[in-house]
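Enquirer: no sequence on this one, just coordinates:
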């Protein structure tokens, strides 16, 4: 994994969860006091390569263009391609002043970036130099770096040659001088399946998951996004120390796990005497979940006896890949009910959808058009925008 040198440990400069929560509430004290209810949003994005990234960033961008959305965002949580979408939106929030005047809306800017072809350069590296490396001959960076560089190149084209995706992830740490949300990119340690998180706050202050930034030097934003998206064989496992990291979707493909742990921590903070109860009681916690997989319930079918004998473990593992995420999502929904919050899914697919959106690192103009049409005709999204504009 490509790393960057750092002057101090991320653990020393990243806030704990408690510190961030108090800071977040304090910065919005006047607005919270004015409102009868103050929404707090956790944004989750499922994995799914560029399909997921394009959909999630488009949803967040559209809401941001029409409302004061960013003032209410507490956290961005994701895995795989969802991390690319969330990272793109985060970079747009931090560097909004660098967007070109003719293309300054968040929706347009993020869509332009994520409509880029990230696949060709990556495949060229995979089918060329990476094959030679199998023979033990060193020929430079691998295909995972190629994917990162393809994203960086696209971002520079949009942000007037500024390396916004090459910025260290620690530059996105929330401070008292900015309103940036927490970011949590899921990853998975290959050797034992343990979940890891690349986060701008101290992970061990709210979770037992691996804090990736505790064991490495700094990472570029592009590296952090791709480390969450390393799905073999397109991207190999990434080595940091003695740990190999792969796609975050192997364990949690939505970010529901870390968000649930944050909500449990918030429940504990309700009794904290340093937080004004009058402010705390006005907070309402909502999860907005950008999903990009079919919503239909699949039928269980019989399998061939040969498949049962030879491939049962593999079939089971593949099925568990999605089921683990479903269980995490259901736990999160129950946690939200307990604290009086709400769960708002924004689905790319309709029930019985005739369109099958491909999942890879390139999106054709045809499917971009289809996704944009879906974006403009998503009833839940339209209702959400109206609600944010006119809160209760």
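Expert: Received, thanks. Given the structure is predicted, the values throughout are model-derived calculations rather than measurements.

Enquirer: Which positions in stretch 29-43 come out as buried?
Expert: Buried residues in stretch 29-43, counted by 16 or more other CB atoms under 10 Å: 32, 38-43. Quick note: C-beta positions are derived from backbone N, CA and C, even for glycine.

Enquirer: Same question for stretch 357-373.
Expert: Going by 16+ other CB under 10 Å, stretch 357-373 has these buried residues: 357, 359-363, 367-368, 371.

Enquirer: any idea where the helices of the stretch 101-250 of the chain begin and end?
Expert: In the stretch 101-250 of the chain, the segments counted as helices under DSSP state H, counting those that start in this stretch are 106-114, 119-127, 129-133, 143-158, 221-227.

Enquirer: Summarise which helices and strands the fourth one is packed against.
Expert: Other helices and strands packing on helix 143-158, by 3 or more CB pairs under 8 Å, 6 or more residues apart in numbering; DSSP states H and E, are helix 106-114, helix 119-127, helix 221-227.

Enquirer: Go again with 10 Å.
Expert: Judged by 3 or more CB pairs under 10 Å, 6 or more residues apart in numbering; DSSP states H and E, helix 143-158 is in contact with helix 81-94, helix 106-114, helix 119-127, helix 129-133, helix 221-227.

Enquirer: out of those, nearest to residue 300?
Expert: Residue 300 sits nearest to helix 81-94 of all these, at 27.4 Å, using CB to CB.

Enquirer: For residue 143, give its distance to residue 274.
Expert: 49 Å (CB to CB, to the nearest Å).

Enquirer: neighbour count winner among the two?
Expert: Neighbours were counted for residue 143 and for residue 274 using other CB atoms under 10 Å; residue 143 has more, 22 against 7.

Enquirer: For residue 15, which non-adjacent residue is closest in space?
Expert: Closest residue to residue 15 apart from its sequence neighbours, by CB to CB, 6 or more residues apart in numbering: residue 201 at 5.4 Å.

Enquirer: all strands of the stretch 151-300 of the chain, in order?
Expert: For the stretch 151-300 of the chain, the strands defined by DSSP state E, counting those that start in this stretch cover 182-189, 195-199, 210-211, 238-240, 243-247, 283-291.

Enquirer: which ones among the buried residues of stretch 29-43 are found in helices?
Expert: The members of the buried residues of stretch 29-43 that map onto helices under DSSP state H are residue 32.

Enquirer: Among the buried residues of stretch 29-43, which lie within strands?
Expert: Among the buried residues of stretch 29-43, DSSP state E puts 38-43 in strands.

Enquirer: mean pLDDT for the helices and strands packed on helix 143-158: which is lowest?
Expert: Among the helices and strands packed on helix 143-158, helix 129-133 carries the lowest mean pLDDT, at a mean of 85.
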